[in-house]
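Student: pasting the sequence and the predicted model now:
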Amino acid sequence: MASAPTSKAVATKSPSMTLKGHRDLIQSISYFPDSQRIISGSWDKTTRQWDLKVGKEIEEARGVCEGQVWAVAVSKDGRWVVTASGGDGDRAELKACEVETGIVRTFEGHSRRINCIDISTDNTLLASGSEDKTTRIWNLGTGKLVAGPFRGMGAVRFSTDSKKLAVMSWLGMCLEVRDVQSQKLDAKIGEFGGIGSTYKPAVCWTKNNKTIIAPFNFVTNDDARTIHDPVNSSLPSTLKILGSLSSHPTRTN
């Protein structure tokens, strides 16, 4: 009689480092260009920087915000650290701190919490999306508004040449591409839906700036679970679905 097959143990890899300190949900992290430090933002209303060489917080660099921190970002040149926060009853707060001088720029305009940000590759512009259903583009050095407000929230991402901005709706039902300089809408696919709960979509540009990878949901007013490739984003008014990948299970409450 053939023996029953034996199951093989699956080896699990332990994390190489655990960083402890936040007292609530961590919403966002970002690496510094030297890859030796990261910054994290949490609902405990703090941003914390961590030294990855020793695995400890750089306590003197800790920031305290008025509301829950939803997004953090570090510019590609390491000059700026940006934090976005807000919450129920808390004022929307968008700040950029110049690392070497400690100078803080404050960006005024959003009326509700700011939950997504991105810094352009050339380190000059900051994009922000808020629960007030608007997206704005700012001059990172002066704090002045340079474009917007545009309709949309959920995810913002500059193209690698800093000339275009992709704006994704919260529930993954709409994607728009805007020309940063002219502020014109270059392309759009889908329609904006409502506001989700904690889901924030991700948007990525390929290096040729002609393809965007993003999660989409065109069917129901729920979180997106399918990844699509809209292409030809450089052509006015055209976004075509190149393909899709779908394997994520449906969430059950």
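Tutor: Structure received. These numbers were taken from a predicted model, which means no experiment stands behind them.

Student: low-confidence stretches in the stretch 51-200 of the chain?
Tutor: For the stretch 51-200 of the chain, applying pLDDT under 70 flags the ranges 88-90, 170-172, 193-200.

Student: how close does residue 38 sit to residue 86?
Tutor: 22 Å (Cβ to Cβ, to the nearest Å). (Each C-beta comes from the backbone N, C-alpha and C, glycine too.)

Student: OK, contacts around the nearest residue to residue 183 once chain neighbours are set aside?
Tutor: Leaving out its chain neighbours, the residue that sits closest to residue 183 by Cβ to Cβ, 6 or more residues apart in numbering is residue 147, at 4.8 Å. Counting by Cβ atoms under 8 Å, 6 or more residues apart in numbering, residue 147 touches 136-137, 178, 180, 183.

Student: out of these, which comes closest to residue 213?
Tutor: residue 178 (18.0 Å; Cβ to Cβ).

Student: what about that closest one, distance to residue 162?
Tutor: Counting by Cβ to Cβ, the gap from residue 178 to residue 162 is 13 Å.

Student: more neighbours: these two, which one.
Tutor: Using other Cβ atoms under 10 Å, the more surrounded residue of residue 178 and residue 162 is residue 178, with 24 against 17.

Student: thought that one was touching residue 163?
Tutor: No: using Cβ atoms under 8 Å, residue 178 makes no contact with residue 163, being 10.0 Å away.

Student: what about the residue nearest to residue 183, which SS state?
Tutor: State at residue 147, reduced to three classes by DSSP: H, G, I helix; E, B strand; the rest coil: strand.

Student: and it, how close does it get to residue 208?
Tutor: According to Cβ to Cβ, residue 147 stands 24 Å off from residue 208.

Student: so which helix or strand takes in the residue lying closest to residue 55 once chain neighbours are set aside?
Tutor: Nearest residue to residue 55 in three dimensions, chain neighbours excluded: residue 17, at 4.9 Å (Cβ to Cβ, 6+ apart). Under DSSP states H and E, no helix or strand contains residue 17.
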